[in-house]
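J.: Sharing a model prediction with you, sequence too.
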Amino acid sequence: MIDHVKRGVLFVVEGFTDIRFVSGLSEICLLTMLVPAREFRSSGLADRIRERDLAVDIVEIPGNRSAFQLRSLRWLWANARRFDLILAQEVLRGALNANLAGAIRDVPVITYMGIAPLEYFRCRYERRQISWPKAVLGEGVIGSLLRINGLLTARCLAMGPYLKTIALRYCPRSDVGLYYGVDTDAFRPIPSGERQALRARLDLPADRFLIFFSSRISHEKDPETVLRATAKVRESGLDAAVLNLGGGWRDFLALAKKLGLPKADEWVIGRPAVHPMTEVFEYFRAADAAAMASLAEGAAYSTLEALACGTPLVATAVGGMAVQLNGYARLVPRRDSNAMAEELRWIADHPEEARSQALKGREYVIREWERRKAFADLHRTFEEVLAERSRS
């Protein structure tokens, strides 16, 4: 991808990360990853790196969060100078270690903001997963980490224009970073006449209006609204089904039962995650519509992938989705299952208009979020940061 000199880059990962980002990084630099051993293996990332035979050196740090924090700082202290620069996942505890070691060892650090940390954390309290004292304490810790890392980092890359506005509150050297981008050669439309054969191959319902909810089940997502909206669409006479792929697919099925939705086992489909580089795009193509409901959202890459496939999309107008999808998706208020149901019904009743809108979204994704652009921009940022360091 990049014909220039490859720099030695250490990617500090504090939790889970995506094979698509690791694959692209390995193309533009000499990559070493510092990872928590448990998450690295349980997420399947270790297997996917091995399967793709990526040129990546892996340093695994064993133990729980506290152990990782201490042991990774010790490793960084001893090894930071081996690298031209350090790239830190997110802007919190892992980035703090990277920034401290980088500042003392004189190695530039770039942080990557992929979520809105405070907004996501507040969703835990909204869902009553944490108490009010823990919410107050957590906000204080997160705010402090954001300010410290914002002061120390050489550059903060925020995933999309919405997160950039948040990053600028803490770091004046913030810019847009596109993470792994969208591979629009893989995520592309197919003729509508091929959809039935594709559904047969994927063992999906042949004649139902299929809604794809491509999201993990976590505190900031809102699967309840997608499920309720699908139930309401069915009440209107549309034979709809909703599909979720991911590590939390069993939770998705359990949630449908917990909500008491009529005959949910007949139209709620959950399956394990499939490979994001070689399989998931087929499910976007097979669907009649994609739906994404969230309580808070950074960039929501699955919505961009849906548009790249020309699949009509309904999404909550929050965070990055409100900024990025306006004009390309059917946007609805937060936690409004009635509005989502109305838009899903509109897509079913106006398939050509809905697809035309989605294809305009594909043009936007190609222009602003394409994979090649994402990693070319990231490589350029590496060079800019190193050039700034050499002049200082």
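T.: Happy to help now that I have it. As the structure is a computational prediction, the values presented were derived from the model and not from experiment.
J.: When you work out contacts or count neighbours from here on, use the C-alpha atoms and nothing else.
T.: Fine.
J.: starting at the chain centroid, how far to whichever helix or strand Glu343 is part of?
T.: Following DSSP states H and E, one finds Glu343 within helix 337-349. Chain-centre distance of helix 337-349: 25 Å, with C-alpha atoms, centre = their mean, to the nearest Å.
J.: who are the neighbours of whichever helix or strand comes after that helix, in terms of helices and strands?
T.: Sequence order places helix 351-368 as the next helix or strand after helix 337-349, per DSSP H and E. Counting contacts by 3 or more C-alpha pairs under 8 Å, 6 or more residues apart in numbering; DSSP states H and E, helix 351-368 packs against helix 301-308.
J.: Tell me the helices and strands packed up against the helix it packs on.
T.: helix 280-286, strand 289-292, strand 313-316, helix 351-368.
J.: how far is the longest one from where the chain is centred?
T.: For helix 351-368, the distance between its averaged C-alpha position and the chain's averaged C-alpha position is 20 Å (C-alpha atoms, centre = their mean).
J.: what's the next secondary structure element after that helix?
T.: Immediately after helix 351-368, counting by DSSP H and E, sits helix 371-391.
J.: angle of that next one against helix 351-368?
T.: 30 degrees (axes from the mean of the first three to the mean of the last three C-alpha atoms, to 10 degrees).
J.: need the strands for this structure, in chain order.
T.: 7-12, 29-36, 56-61, 85-89, 109-113, 155-159, 174-177, 209-213, 240-245, 268-271, 289-292, 313-316, 330-332 (DSSP state E).
J.: and Glu384, which of these is closest to it?
T.: The closest of the strands of the chain to Glu384 is strand 155-159. By C-alpha to C-alpha, the value is 9.8 Å.
J.: Mind listing residues that contact the closest one?
T.: The contact list for strand 155-159 (C-alpha atoms under 8 Å, 6 or more residues apart in numbering) reads 109-115, 150, 164, 167, 171, 173-179, 298-299, 385.
J.: how about JSON lines for the helices and strands packed on helix 301-308, with distance to Phe40 added?
T.: Shown next, in JSON lines, are the helices and strands packed on helix 301-308 (distance: least, C-alpha to C-alpha, whole Å):
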{"stretch": "helix 280-286", "distance to Phe40": "21"}
{"stretch": "strand 289-292", "distance to Phe40": "27"}
{"stretch": "strand 313-316", "distance to Phe40": "31"}
{"stretch": "helix 351-368", "distance to Phe40": "30"}
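J.: now those in CSV, with mean pLDDT and distance to Leu157?
T.: Output for those, formatted as CSV (pLDDT from 0 to 100; distance: least, C-alpha to C-alpha, whole Å):
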stretch, mean pLDDT, distance to Leu157
helix 280-286, 97, 26
strand 289-292, 98, 24
strand 313-316, 98, 24
helix 351-368, 98, 15
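J.: ok, what's across the strand from the closest residue to Val109 other than its chain neighbours?
T.: Spatial nearest neighbour of Val109, excluding adjacent residues (C-alpha to C-alpha, 6 or more residues apart in numbering): Ile86 at 4.7 Å. Note on Ile86: beta-bridge partners by DSSP bridges are Leu10, Val109.
J.: Quick one: residues contacting Ile86.
T.: Val9, Leu10, Phe11, Val12, Ala80, Ala98, Gly102, Val107, Pro108, Val109, Ile110 are the contacts of Ile86 under C-alpha under 8 Å, 6+ apart.
J.: ok, the third one touching Glu90?
T.: No - Phe11 is beyond contact range of Glu90, at 10.9 Å (criterion: C-alpha atoms under 8 Å).
J.: more neighbours, the two?
T.: Glu90 (26 against 23; other C-alpha atoms under 10 Å).
J.: Glu384 and Arg155, how far apart?
T.: 10 Å (C-alpha to C-alpha, to the nearest Å).
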